[in-house]
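Dropping the sequence and predicted coords here.
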Amino acid sequence: MWARIRSYWRGIFHRSDVEGDLAEQLRSHLSERADALESAGLTRSQAERQARLEFGALESYKERCREARGLRWPDELSQDLRYAARMARKSPGVTAVAILSLALGIGANTGIFSILNSLLLASLPVRDPSRLVVLEMHRGRVNGAMSYLLYSRLREGLRGQVLDDLCATSHPDATAVTLPSGESVKAVSTQVSANFFDVFGTPFVAGRGFGPSGDKIPSQLQTVLSERFWRRRFSADPAILGKTVLIDDKPATVIGIAGGKFDGVEVGNAIDLWTNATAGDLKLLTGSGWNYLSTLGRLKPGATISQTQAAVNIVYAAFREQQRASLPNYKGKRQMADNSRVIVQDGSSGISELRERFALPLRIVMGVVALVLLIACANITNLLLARAAARQREVATRISLGAGAERLFRQFLTESLLLSICGGCLGLLVAVWTSRHLLDLIPQRSVPLVLDVHLSLRVLLFTSAIAIGAGLLSGVIPAMRVGRTQLTNALKFSASSDFGGARGSIRPGKLLSVAQVALSTVLVFGAGLFVRTLLNLKNVNAGFQPEHRVTFELDLPRAYSPEQKQDEQRRVVERLKTLPGVTNASVSWPGPFNRGRFTGDFQIPDHPLQEEAKREADYILVDNDFFSVMGIPLLAGRAFDVRDPVRSGKSDPNIVNAGDVKVAMINERLARMYFNGTNPVGLKLQPFAHSPQKVIVEIVGVVRDVRHYGLREQPAPTIYFPITEMDPPWAPTVEVRYSKDLGTASKEIERAVAQVDPRAKALEMATLDEQIDAYLDKERMLATIAGLFGFLALLLAAVGLYGVMAYAVARRTKEIGLRMALGARRGQVLDMILIDGVWVALAGVALGVPAALSLSRFLSSLLFDVKADQAGSLFVPTAIMLFVAALAVLAPAWRAARVDPMVALRNE
Amino acid sequence: MDKPSADLLPGTLDLLILKAVSLGPRHGYGVLLRIEQISGGSFQIEQGALYPALFRLEHQGLLKSEWGISDNNRRAKFYQLTAAGRKRLRVETESWNRLTSAMASVLNTSRGEV
């Protein structure tokens, strides 16, 4: 084995040594033999001649020696490569276009694959990631996080059974960290369970993780830094261990620095510091309603996901039963609890909110660029076919000189592979550009998106695979046709003089063109759907006026009592109203486009409801000015105002102190669904239907429906409560309507907030327009990319069609000349070629439309208010396609009509 | 070498070369002479055909070679067996012997023995 490799090595890289060696050995042999013959009595010259005769065919044996060393294959390869390079140089323009279109195709594929890879496929940099599982709470539409209570119950039930251990982490949060030096920096942090780092086997650069003290609740907040954060902010100073930093003003002791490139389990977010969840809010730890944890476990060796699922089901059923028993009796309870499940999934690549949002769009984009590459390949095939036809005589000559079909096949394949490999190399540049700009299409949130899209080994393998695949795909048909060349025919007809052969050899080109048109039709059709989805969503009436409104989250120290918080938020809003350039301000919770959602059930006293399951409503807390600031019209009654009773009793630490609520407002939808056209103003409503206290409120007003949580969703029945009578459990949102330039307004707003309370912060400040833009990120990405590549596909197909028709006209010049000599008019010739080309386009469209329709089924979840089978969806892409095809055919047809019969017939 | 002689069975040239070289390092022409000598001139090998075989055996790692000086004071390449070559020679010799004895017993069978 080694001997062979050494021998190949010498043969390929020390070729001249090997050749010299061979020649000298044979020379030496001949001299020895001549010596022997000379001593037998011949003269020296006779002896030498005799020796050569006895030896046999010297050159042929030399060749066989080379072959014996396995050198024939590399020899032929280098021959083929030289030949292919010469062919490519002969028509540099065509070669450049071919390589460029392949580079675009391969580059786009690589770029998108690298994102797909890091988002969906890449394993976490942890010990044995294949044994990780994710436990996700699924309850109807809202999926993902679970409460600390449920997490602890699951951990108790599963640890040592099917799992080695189970750990939990909250969502990444943008926080302000005050370093020991007093400097304040922005950082991303999460709260994790104590065993977090043990589950992942994270190596520590210094210090330790939170374990193994168990999940006993320590009174002190501790933090582990990521190595990257430590290097950037602390210049890799190990003395930071044991020191205290302030995380959002809460002191935390640094106990470790996590190494091994570990920056959390959420793909797309790089964590700077982890804190121990158990030192957080007691409310968060004990309440069953606080779903904020993602849980990951490590399977015991040999345990499977389905075993774990079975064990989880048992634990969860018991947990749910217990929860239900603790609730007071009411009828809707059963349905409420029953549609929730905890689902176990593979966790080797971590968790990601991004993945959920972008997995399908990215797969679709991947499909789009794959189709574009196919179209580009078809162009290369057409090019090679034309070249092969032009070289028929050369091929025939080579066959008659003894070249085998297999040898010619290989040679032609080498040509297409050379093109595709050049395209692949250039494509890597395109890939880097593509992936970077694709990520730019995803708007940055307060927790920055960090996605590793460097060209990893897997990505490079992918690139080589598709480059070689593209080369084989585009080269195989021309190569096969060359292999089948009929010697007699090829030598008999010269390339320019044949009539019969011309039409035959143009057929595969036309078929390819049909395929190209079909694929581009699919892409143009898809692009149309996505663009219209984006436009439709942009035109959706959100129910509020987004212009000149900016919102921010008012972050108050957690140490404040609810009364203090209420007081602060009121003072902030009052202060903002006095700013010049600010028209009005209000506060609400959860604010518009908030990612957290607050829902509850309700009853209408003395009005039995037919369907219990539908008595759910969104609860939103607002102040008196919310509707006027947001521009939401009041349909009946009044908004909250000073007449409403102010809370009397002092609040307790529960999230919702419902007992004090006296009034509420509802939206149009709830009014229509449950009050059947009667004016609900003045009627009673019982929200918090499952609460032990009976809360009865009076409906004081009805407002127009609002798409509060996003443009896609139909407005849900909504109940608004006065924010002064309930305490938002996390930062409320302040809405400001401003009349001048946003830049100065936002500065003034921040300053005003700091003036009211230096410890309060205005976080995530963004205009409503910006938030709508951010909400449409997925749609914009799809529309942009599908549009861009749809256009590229159209262009490539047009080039392909143009090439085929131009080639056909060139081959038929003589025939056209003859037709004209026999009396055909120019218009007839023009029509003939045009019709020829348009048939190709029509056939392509006829194939493409049904394909597009059947593929569009997979897109329905991404579309908005667009039906794939609407007439418009089909007509526009078809029209565009045919129009472009007609343009592409026009030039060759025009040229055909200008043929001078005299010249054409003389030209031999 | 122009004596009437037996045609080589396919594959036997490699075995002959291995055997010849096993008796001591030889250069190409020397291998030819040695085969002629030990076979008593009963095999005819076309001189040129020797070299592809030598190259093939070296490529397979059964032979190794180095430059030296021949008896006639000429620079020549000397071949000798590698460990793998010795092993191959042993295996091939055994199977050759098995084959020939089996063939011999078949061909020598008389009517009475059936």
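Here it is on my side, so go on.

Tell me the bridge partners for A:Met146.
A:Leu293 (DSSP bridges).

OK, contacts around it?
A:135-137, A:154, A:291, A:293, A:295, A:342 (CB atoms under 8 Å, 6 or more residues apart in numbering or on different chains). Any C-beta I mention is one placed from the backbone N, CA and C, and that applies to glycine too.

List just the nearest of those residues to chain B.
Looking at those and their distance to chain B, the nearest is A:Leu135, at 57.1 Å (CB to the nearest CB).

How is residue 106 assigned, secondary-structure-wise?
Picking chain A for this. Taking DSSP: H, G, I helix; E, B strand; the rest coil as the rule, one finds A:Ile106 in the helix state.

Settle this for me: it is touching A:Ser464, isn't it.
No. Look at A:Ile106 against A:Ser464 with CB atoms under 8 Å: they stay out of range, at 9.8 Å.

quick one: common contacting residues for these two?
In contact with both A:Ile106 and A:Ser464: A:Gly424, using CB under 8 Å, 6+ apart.

Which ones among the contacts of A:Met146 map onto strands?
Secondary structure defined by DSSP state E assigns A:135-137, A:293, A:295, A:342 of the contacts of A:Met146 to strands.

From those, list the buried ones, please.
A:135-137, A:293, A:295, A:342 (16 or more other CB atoms under 10 Å in any protein chain shown).

Just want the most central residue of chain A.
A:Leu362 (3.4 Å; CA atoms, centre = their mean).

and what of chain B?
B:Leu16 (1.0 Å).

Would you double-check that that one falls in a helix?
Yes. Counting by three-state DSSP, B:Leu16 is located in a helix.

Now do the same contact list for it.
Counted by CB under 8 Å, 6+ apart, B:Leu16 has contacts B:8, B:35, B:39, B:43, B:45.

how many neighbours does the third one have?
In this case it means B:Ser39. By the criterion of other CB atoms under 10 Å in any protein chain shown, B:Ser39 has 16 neighbours.

ok, it to A:Ala51 distance?
21 Å (CB to CB, to the nearest Å).

Can you tell me the closest non-neighbouring residue to the residue in chain A that chain B sits nearest to?
In chain A, the residue that lies nearest chain B is A:Ala3 (2.7 Å; CB to the nearest CB). Leaving aside its chain neighbours, A:Ala3 sits nearest to B:Gly61 (2.7 Å; criterion: CB to CB, 6 or more residues apart in numbering or on different chains).

My guess is A:Leu451 contacts A:Glu266. True?
No. Using CB under 8 Å, A:Leu451 makes no contact with A:Glu266, being 11.2 Å away.

Those two: who's more crowded?
A:Glu266 (22 against 19).

and that one, how far is that from A:Gly144?
A:Glu266 is 11 Å from A:Gly144, by CB to CB.

overlap in contacts of the two?
Shared contacts of A:Glu266 and A:Gly144, counting by CB under 8 Å, 6+ apart, come down to A:294, A:353.

how close does A:Glu748 get to A:Ala311?
In terms of CB to CB, A:Glu748 sits 57 Å off from A:Ala311.

An error on my part: the question was meant for A:Lys62.
74 Å.

what's the answer for B:Leu57, then?
65 Å.

Of those two, give the one with the bigger neighbour count.
Applying other CB under 10 Å to B:Leu57 and A:Ala311 shows that B:Leu57 carries more neighbours, namely 24 against 18.

wait, doesn't that one sit right on B:Tyr51?
No. The pair B:Leu57 / B:Tyr51 is not scored as a contact, 10.7 Å apart, by CB under 8 Å.

Assign a three-state SS to whatever residue of chain B ends up closest to chain A, would you?
As assessed by CB to the nearest CB, chain A sits closest to B:Gly61 within chain B, at 2.7 Å. Three-state assignment for B:Gly61 (three-state DSSP): coil.

Determine the number of other residues adjacent to it.
Residues near B:Gly61, counting by other CB under 10 Å: 19.

residues contacting it?
Contacts of B:Gly61 by CB under 8 Å, 6+ apart are A:1-4, A:7, B:82, B:84-85.

quick one: which of those residues sit in helices?
A:2-4, A:7, B:84-85 (DSSP state H).

List, one by one, the residues from chain B near chain A.
For chain B, the residues in contact with chain A (CB under 8 Å from any CB of the partner chain) are B:1, B:27-30, B:46-49, B:51-53, B:55-56, B:58-61, B:70, B:72, B:74-77, B:82, B:84.

how does it look with 10 Å?
Taking CB under 10 Å from any CB of the partner chain as the contact definition, chain B meets chain A at B:1-2, B:27-33, B:46-65, B:67, B:70-77, B:82, B:84.

Buried subset of those as a ChimeraX selection?
Here the buried members of these are turned into a ChimeraX selection, burial being counted by 16+ other CB under 10 Å:
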select /B:27,28,29,30,31,32,33,47,48,49,50,51,52,53,54,55,56,57,58,59,60,61,62,63,64,65,70,74,76,77,82
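
re earlier: okay, the ones in helices among the contacts of B:Gly61 in TSV with distance to A:Asp869 and pLDDT next?
Shown next, in TSV, are the ones in helices among the contacts of B:Gly61 (distance: CB to CB, whole Å; pLDDT from 0 to 100):
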residue	distance to A:Asp869	pLDDT
A:Trp2	65	71
A:Ala3	67	70
A:Arg4	62	73
A:Ser7	65	72
B:Ala84	71	89
B:Gly85	75	89
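
can you pick the most crowded of the residues you listed?
Within the ones in helices among the contacts of B:Gly61, most neighbours by other CB under 10 Å means B:Gly85, with 22 neighbours.

Cool, thanks, talk later.
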